[in-house]
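[1] Pasting a predicted model and its sequence here:
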Amino acid sequence: MNQDQVRELFERLIDEDAQTREQALADPSIAPDVVAEVRALLDRALRMPAGFLADQPSAETPFQSIGPYHITRVLGEGGMGRVYEAEQTHPIRRTVAIKVLKPGMDSSELLARFDAERDALAKLDHPHVARVIEAGQSRGRHPYFVMELVRGRSITQFCEQERLDIDQRLRLFVQVCQAILREATSSFVIMVQPTPAL
């Protein structure tokens, strides 16, 4: 099954009306296993409470906190999860980033990928890689992991704002790759997905 196609189709259809979703899923060029997986993900996602994981937490949103972490804002979103900025108030005070698996993205394969990402990050020990602080499941049984919050510009913004030429950009890219490779091989990590600063 093509997971990239599943994710792309799910993300394209989640905000569409039922008729548009059905027309898109009836496309004979889409493999039946992809259609079945997308239908299952859409079904689970559409059964979530209204406002779940909304961009701006509100009184109606049941997802304002996870344990001691109070969600303050959305930092970014990827294929499987959404990353939030949150404040921890107990037992210590600090600002963190929390990655939560998106609603409906809870097939056994996607859960395994999310767990693998968390485990891979937890094994890395590098000054330029955010540390995983803890992991678990929210009260709604949504997997998450908490990381250090690293503030800064994305690598793209840095390159644009510093007006780096192609050679400078490639040297910077090589530095990033070397850091990932060094940490990944020393930690027996097979795959790492770099994420820009938020």
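    Happy to help now that I have it.
[2] Contacts only, for the residue nearest the centre of the chain.
    Nearest to the geometric centre of the chain sits G81, at 3.0 Å (CA atoms, centre = their mean). Listed by CB atoms under 8 Å, 6 or more residues apart in numbering, the contact partners of G81 are K99, V100, L101, K102, M105, F114. Where you see a C-beta, it was placed from the backbone N, CA and C, and this is true even at glycine.
[3] Please name the nearest non-neighbouring residue to it.
    Distances taken as CB to CB, 6 or more residues apart in numbering place K99 nearest to G81, at 4.8 Å, with adjacent residues excluded.
[4] cool, and R12?
    Distances taken as CB to CB, 6+ apart put A24 closest to R12, at 7.4 Å, once the chain neighbours are dropped.
[5] That neighbour should be in a helix, yeah?
    Yes - A24 forms part of a helix when assessed by DSSP: H, G, I helix; E, B strand; the rest coil.
[6] what helices or strands is the lengthiest helix in the chain leaning on?
    Longest helix in the chain by number of residues (criterion: DSSP state H): helix 166-186. Judged by 3 or more CB pairs under 8 Å, 6 or more residues apart in numbering; DSSP states H and E, helix 166-186 is in contact with helix 155-161.
[7] List the buried residues in the helix it packs on.
    I155, C159 (16 or more other CB atoms under 10 Å).
[8] Quick one: mean pLDDT over that helix.
    In this model, helix 155-161 has a mean pLDDT of 90.
[9] what ranges do the helices span in this protein?
    According to DSSP H, the helices that the chain contains are 3-13, 18-25, 32-46, 108-123, 155-161, 166-186.
[10] So which of the ones you listed is nearest A135?
    helix 108-123 (5.4 Å; CB to CB).
[11] picking that back up, quick one: the residue nearest to the centre of the chain and V100, what's the gap?
    Separation of G81 from V100 (CB to CB, to the nearest Å): 6 Å.
[12] got it, and S154?
    21 Å.
[13] Now for the residue nearest to R12: which residues touch it?
    Applying CB under 8 Å, 6+ apart, the residues near A24 are L9, R12, L13, E16.
[14] at 10 Å what do you get?
    By CB atoms under 10 Å, 6 or more residues apart in numbering, A24 lies in contact with L9, R12, L13, E16, I30, V35, V38.
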